[in-house]
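**Q** Curious how this folds, go ahead:
(one chain, ligands or ions: 2)
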Amino acid sequence: MAEERHKLVHTFGALAELGQEVSSKPNFHETMRTSLHLLLGSLAIMRGGVAGYSRFGHELNMLATRGFGEDFPLTLALCQEDERQFLGNGLYPIEISQAKVLPFFQIYDHSFENSALELFVPLVVHEEMVGAVFLGSKATGEPYTSYDREIVCAMARHIGVAIAQRNMMAELERRADENRKLYENLRMTYNDTVKAFAAAIDRKDKYTEGHSVRVGKYSEIIASELGWSEQEIEGAAVAGYLHDVGKITVERKIINAPYRINAKESTELNKHPRVGYEILMPINHPYADVPLAAKYHHERIDGRGYPDGLHDREIPYIAKIVNLADSFDAMTTDRPYKRRRPVNEVFDDLQRNAGKQFEPQIVTSFFRGMYNELTGEAKEKRFRRLLGREFMETEGMIPMLRSSLNAMTPTSPLTFVALD
Ligand SMILES: [Fe+2]
Ligand SMILES: [Fe+2]
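**A** Ligands and ions are numbered 1, 2, ... in the order given. Take a look at the predicted model:
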């Protein structure tokens, strides 16, 4: 009686340990090894193994073994008949010597005999075969009692559930991965379409070739200088690429006028932000602010912009970024009625208009990006690619930028660093 009680306590202990094992270890193979060890140890079984079942390959793959000979196969194939029988059998030990009619036991008879295997337990969880447990004889040489078999069942169930959980996680990960790839594809398609569109907008305006593409790139630089996330930076680029999309409805002769346009023509041209908004609004963008950037990229923080004369905080931040990128590109490229402006004038303009037209923080970020590139702090030559060597190698660029940066009103004590 005392021995029975002792055995019971021991078994419960092993079961509890196994339960903890399968739920706590992140390393699946380690879990399988420890589980097998616990199962063999609780009944003093000499050798055994745990295998996972591949539904697609119709095979059992050994996950952990103990005491098997070197030539024991690591993969064991099952035929339909075996699978059907094992599923019908459920999670109960099968006496190998009694099951020789099944093809599985005939094919691997030799290996099973060499390793002196006695029991085979199909791991059936939720009516699905997820693996199997192989058990050799007990150290005492005594046959398995019905009590032993119950313990084997209980422990095998734990192992089966652990394998099923792992399969489920792997399946979830596979699906998540598939979704990620799909999303990545969609994002690439979207971004390519945006770029193609920007190029199409630019084709309409023969004097400002490449304007939208450059505004996209400047906006991207500003967003990254502001420390935005990868997604946000991408969104800023898209907003820049598409900011002038509304121009596709403006007459070509107004856009391409080689003179300063008159009031009527100007009213026509100034409709482009609103039109752009209307074009972009119905599209499902991954970045919510893209239509707003088109609508408000000609607003100024002093309220003197158009179309709505919004003030500072009323203007979406992304529109402020595109506004600076847009203005900077207009100043640094030749227009039909205006040559590109000298570097010092451009910097003066940005500095003077910070707080009037431009958001000071954005101007600072823009200057700092250029400064870091010129001083070699930033390795990538983003400005140089857009502005060309001549612009970037203008004499006195670094001191000019330094003094502009120092002259800018700090937006907070943390962003202001005096440069010498
Ligand atoms: Fe515009
Ligand atoms: Fe523009």
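**Q** so what's Phe134 bridging to?
**A** Gly49, Phe120 (DSSP bridges).
**Q** got a pLDDT number for it?
**A** pLDDT for Phe134: 97.
**Q** same check, this time on Thr409
**A** For Thr409, the predicted pLDDT is 59.
**Q** contacting residues for the residue in the stretch 51-200 of the chain that ligand 2 sits nearest to?
**A** Residue nearest to ligand 2 within the stretch 51-200 of the chain: Ala198 (10.7 Å; CB to the ion). Where you see a C-beta, it was placed from the backbone N, CA and C, and this is true even at glycine. Ala198 sits next to Ser212, Val213, Gly216, Tyr241, Leu242 when contact means CB atoms under 8 Å, 6 or more residues apart in numbering.
**Q** got the contact list for stretch 121-128?
**A** Against stretch 121-128 from outside (CB under 8 Å, 6+ apart): 53, 55, 86-87, 89-94, 129-135, 152-153, 156-157, 159-161, 163-164.
**Q** Can I get the buried part of those residues as one ChimeraX selection?
**A** ChimeraX command restricting these to the buried ones, with burial defined by 16 or more other CB atoms under 10 Å:
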select :53,86,89,91,93,94,129,130,131,132,133,134,135,152,156,157,159,160,161,163,164
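**Q** Next, check the contacts of stretch 121-128 against the helices and list the overlap.
**A** Among the contacts of stretch 121-128, the members found in helices (DSSP state H) are Phe86, Leu87, Asn89, Val152, Cys153, Ala156, Arg157, Ile159, Gly160, Val161, Ile163, Ala164.
**Q** Tell me the spacing between Gly216 and Glu251.
**A** To Glu251, Gly216 is 24 Å away according to CB to CB, to the nearest Å.
**Q** Those two: who's more crowded?
**A** Gly216 (23 against 13; other CB atoms under 10 Å).
**Q** per-residue confidence averaged over the helix or strand encompassing that one?
**A** For Gly216, the host element (DSSP states H and E) is helix 211-225. Regarding helix 211-225, the rounded mean pLDDT is 96.
**Q** Does Lys217 touch Leu387 like I think?
**A** No - applying CB atoms under 8 Å, one finds Lys217 not in contact with Leu387, separated by 10.5 Å.
**Q** The residue of the stretch 51-200 of the chain closest to ligand 2: which element?
**A** Counting by DSSP H and E, Ala198 is part of helix 146-204.
**Q** still on that earlier bit, which ones among the contacts of Ala198 also lie next to ligand 2?
**A** Applying CB under 5 Å from the ion, the subset of the contacts of Ala198 adjacent to ligand 2 is empty.
**Q** nearest to Pro360, of those?
**A** Gly216 (22.8 Å; CB to CB).
**Q** now the residue nearest in space to the middle of the chain: how far from Gly235?
**A** Centroid check for the chain by CA atoms, centre = their mean gives Arg180 as the closest residue, at 6.5 Å. For Arg180, the distance to Gly235 equals 19 Å [CB to CB].
**Q** ditto for Gly160
**A** Distance from Gly160 to Gly235, by CB to CB: 47 Å.
**Q** repeat for Ala154
**A** 55 Å.
**Q** again with Met397
**A** The value you get for Met397 to Gly235, if CB to CB is used, is 30 Å.
**Q** Neighbours of the residue in the stretch 1-150 of the chain that ligand 2 sits nearest to, how many?
**A** Proximity of the stretch 1-150 of the chain to ligand 2 (CB to the ion) peaks at Pro26, 52.8 Å away. Counted with other CB under 10 Å, the neighbours of Pro26 add up to 6.
**Q** In which helix or strand does it reside?
**A** Using DSSP H and E, no helix or strand contains Pro26.
**Q** Excluding covalently adjacent residues, which one is nearest to Val10?
**A** I think there's a mix-up here, since residue 10 is His and not Val. Ser42 (6.7 Å; CB to CB, 6 or more residues apart in numbering).
**Q** What is the strand or helix carrying the one you found packed up against?
**A** Element membership for Ser42, per DSSP H and E: helix 28-43. Where contact means 3 or more CB pairs under 8 Å, 6 or more residues apart in numbering; DSSP states H and E, helix 28-43 is packed against helix 2-24, strand 48-54, strand 59-66, strand 128-136, helix 146-204.
**Q** cutoff 7 Å now
**A** Here helix 28-43 touches helix 2-24, strand 48-54, strand 59-66, helix 146-204, going by 3 or more CB pairs under 7 Å, 6 or more residues apart in numbering; DSSP states H and E.
**Q** and the gap between the residue of the stretch 51-200 of the chain closest to ligand 2 and Ala257?
**A** 22 Å.
**Q** and if you look at Leu374?
**A** From Leu374 to Ala257 the distance is 36 Å (CB to CB).
**Q** mind listing what Asp312 touches?
**A** For Asp312, the contacting residues are Ile301, by CB atoms under 7 Å, 6 or more residues apart in numbering.
**Q** So what's the predicted local confidence for it?
**A** 92.
**Q** for ligand 2, what are the nearby residues on the protein?
**A** So the chain meets ligand 2 at Asp244, Asp326 (CB under 5 Å from the ion).
**Q** Which parts of the chain belong to which domain?
**A** As assigned by automatic domain parsing, the chain contains the domains 2-172, 181-407.
**Q** residues in contact with the helix or strand containing Ala236?
**A** Taking DSSP H and E as the criterion, Ala236 maps to helix 230-242. Residues from elsewhere that reach helix 230-242 (CB under 7 Å, 6+ apart): 194-195, 197-198, 212-213, 215-216, 218-220, 222-224, 228, 280, 287, 289-290, 293-294, 318, 321-322, 325.
**Q** for the stretch 101-250 of the chain, what are the low-confidence residue spans?
**A** 207 (pLDDT under 70).
**Q** quick one, what contacts the residue of it found nearest ligand 2?
**A** Among all residues of the stretch 101-250 of the chain, Asp244 sits closest to ligand 2, at 4.3 Å; criterion: CB to the ion. Counting by CB under 7 Å, 6+ apart, Asp244 touches Ile201, Ser212, His272, Gly276.
**Q** Would you point out the most distant pair within these?
**A** So, the contacts of Asp244 by CB to CB: farthest apart are Ser212 and His272, at 11.9 Å.
**Q** So those two - more neighbours on which side?
**A** Ser212 (29 against 24).
**Q** What's the separation between Asp71 and Ser365?
**A** Counting by CB to CB, the gap from Asp71 to Ser365 is 68 Å.
**Q** more neighbours, these two?
**A** Ser365 (22 against 9).
**Q** Can you give me the neighbour number for the residue nearest to that one when sequence neighbours are not counted?
**A** By the measure of CB to CB, 6+ apart, the closest residue to Ser365 outside its immediate chain neighbours is Glu225, 3.9 Å from it. By other CB under 10 Å, 20 other residues sit near Glu225.
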